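> Sequence and predicted structure below; questions after.
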Amino acid sequence: MPVVSTSRGCPHACRYCAVIRIAGRTPRYRTLDACLRDVREATRYTRKDIAIADDNFVMNMRRAKEFLRGLIALKLPRDYTFMTQIKVGALADDELMELMKEANFELLHVAYESINQATLQEWGKSHSFEETEHSVRQARKHGLRINAMFVVGGDADNEQTIRDTTDFAIQSEVAAMQMWILTPLPGSDVYNQVLAEGRIFNTCWQHYDCQHSVFFPKRMSPSRLQIAVRNANRRFYTVKRMFGRSPGNRITYGANAWMMDRWMKRYAEKLRRVEQGFYDDNGHLISDRLPSRQATGASPRFGPSEQNPIAPPPF
């Protein structure tokens, strides 16, 4: 899929995100002429999808609308469809939604992150669950599809949070759901926190893909988090929902989820050995049993070595 980037950087400070350490907090923008030239070039290589790869397409709303008007003026055949990442609150702008529909945007990747208000506050997110619900109605009103993206495993999350999130995605009839396991990416505030608390048990970089549990959550064990996400995928991407009426993008995303299913189960089985003795009968982390990095210099229970008991996923 051809990719066009129109900007770099993000002014927000989500605690789990490393983008601001990679690309900076100050947004930088390419000229609209250069961006539209890239789109025209991309049409040489595809007859279907083009991704606008900005971390936040609507950092500058006025500019985003100018770019959309430029796309519309190109008068591309309707074979070409676009997708991009967009923040929740932007879907409330009817003019933006109308321009995106006219420019032939098909799929919006929306970073809902959580339906748990405590988790949103923990991560520094500014939107509310009410805005999340409104954004789904707005997309449906304007004929746009949503890929609902969630991150689970925060300190306020438990297995019920994951079940409730899946229920919301199913009931909202979003086109696709991507459920990411909270991963302490180096450079993020979450990484600094869990590292200082001695909660990271896996430093194997191959597993830092937001699909492997690599640190001890507070309200559920790593294996239970892993299985809960696996079950969420199985519930959302049933055969009926993937291949029934108007499946949209579910076939592509669902096929990916089912390819991960077997190794997620195997990984969870190995996690049970790692987490033994660290959780009480209610599934809550016993913090006193964590190694103190400051006091002992203790290393993770396994890392990127030949002794690492968890093999890389079979991609």
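Yep, that arrived. Treat the numbers as computed from the prediction; the structure is a model and nothing was measured.
> Show me the helices in the stretch 1-150 of the chain, by range?
Ranges of helices in the stretch 1-150 of the chain, per DSSP state H, counting those that start in this stretch, are 19-23, 32-42, 61-74, 94-102, 117-122, 129-141.
> and residue 217, which of these is closest to it?
helix 117-122 (11.6 Å; C-beta to C-beta). For the C-beta atoms, the positions are set from N, CA and C on the backbone; glycine is no exception.
> and the closest one, which residues are buried?
Of all the residues in helix 117-122, those buried under the rule 16 or more other C-beta atoms under 10 Å are 119, 120, 122.
> who's in contact with the residue positioned nearest the centre of the chain?
Geometric centre of the chain, nearest residue: residue 149, 4.5 Å, by C-alpha atoms, centre = their mean. Listed by C-beta atoms under 8 Å, 6 or more residues apart in numbering, the contact set of residue 149 reads 109, 110, 111, 112, 113, 177, 178, 180.
> and the closest residue to residue 146 other than its chain neighbours, which of the three is it?
Spatial nearest neighbour of residue 146, chain neighbours left out: residue 174 (4.5 Å); criterion: C-beta to C-beta, 6 or more residues apart in numbering. Using DSSP: H, G, I helix; E, B strand; the rest coil, the structure places residue 174 in coil.
> oh, and call the first residue 22 from now on, that's how I've got it
New numbering, starting at 22: the last item is residue 195.
> count of neighbours near residue 195?
Using other C-beta atoms under 10 Å, residue 195 is surrounded by 24 other residues.
> isn't it right next to residue 157, touching?
Yes - in this structure, residue 195 is within contact of residue 157 by C-beta atoms under 8 Å, at 6.7 Å.
> Residue 92 and residue 55, how far apart?
Applying C-beta to C-beta, to the nearest Å, the value for residue 92 to residue 55 is 14 Å.
> Compare these two and say which is more crowded by neighbours.
Legend: neighbour count by other C-beta under 10 Å for residue 92 and residue 55, higher for residue 92 (24 against 11).
> I figured that one hits residue 57, correct?
Yes - between residue 92 and residue 57 there is a contact under C-beta under 8 Å: 7.1 Å.
> remind me which residues of the stretch 222-336 of the chain are low pLDDT?
The stretch 222-336 of the chain contains residues with pLDDT under 70 at 266-269, 313-336.
> which residues of it fall in helices?
Listed in chain order, the helices of the stretch 222-336 of the chain (DSSP H, counting those that start in this stretch) span 243-257, 260-264, 271-296, 314-317.
> Relative to residue 79, which of the ones you listed is closest?
helix 271-296 (22.9 Å).
> ok now the closest one, how far from the chain's centre?
In terms of C-alpha atoms, centre = their mean, to the nearest Å, the centre of helix 271-296 is found 16 Å from the chain centre.
> and it, what does it pack onto?
Here helix 271-296 touches strand 197-202, helix 243-257, helix 260-264, going by 3 or more C-beta pairs under 8 Å, 6 or more residues apart in numbering; DSSP states H and E.
> Turn those into a markdown table, including distance to residue 225 and mean neighbour count.
A markdown table is the format used below for these (distance: least, C-beta to C-beta, whole Å; neighbours: other C-beta atoms under 10 Å):
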| stretch | distance to residue 225 | mean neighbour count |
| --- | --- | --- |
| strand 197-202 | 15 | 22 |
| helix 243-257 | 14 | 22 |
| helix 260-264 | 32 | 13 |
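> Tell me which of the ones you listed approaches residue 176 most closely.
Evaluated with C-beta to C-beta, the helices and strands packed on helix 271-296 place helix 243-257 nearest to residue 176, the distance being 12.2 Å.
> Could the C-alpha coordinates of that closest one be exported in PDB?
Coordinates of each C-alpha in helix 243-257 appear next as PDB, following Å, rounded to 0.1, in the frame of the first residue of the first chain:
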ATOM      1  CA  PRO A 243       0.200 -11.300  32.200                       C
ATOM      2  CA  SER A 244      -1.200 -14.600  31.100                       C
ATOM      3  CA  ARG A 245      -4.800 -13.600  31.900                       C
ATOM      4  CA  LEU A 246      -4.300 -10.300  30.000                       C
ATOM      5  CA  GLN A 247      -2.900 -12.300  27.000                       C
ATOM      6  CA  ILE A 248      -5.800 -14.700  27.000                       C
ATOM      7  CA  ALA A 249      -8.400 -11.900  27.500                       C
ATOM      8  CA  VAL A 250      -7.100 -10.200  24.300                       C
ATOM      9  CA  ARG A 251      -7.100 -13.500  22.400                       C
ATOM     10  CA  ASN A 252     -10.700 -14.100  23.500                       C
ATOM     11  CA  ALA A 253     -11.700 -10.500  22.500                       C
ATOM     12  CA  ASN A 254     -10.300 -11.200  19.000                       C
ATOM     13  CA  ARG A 255     -12.200 -14.500  18.800                       C
ATOM     14  CA  ARG A 256     -15.500 -12.800  19.800                       C
ATOM     15  CA  PHE A 257     -15.200  -9.900  17.500                       C
END
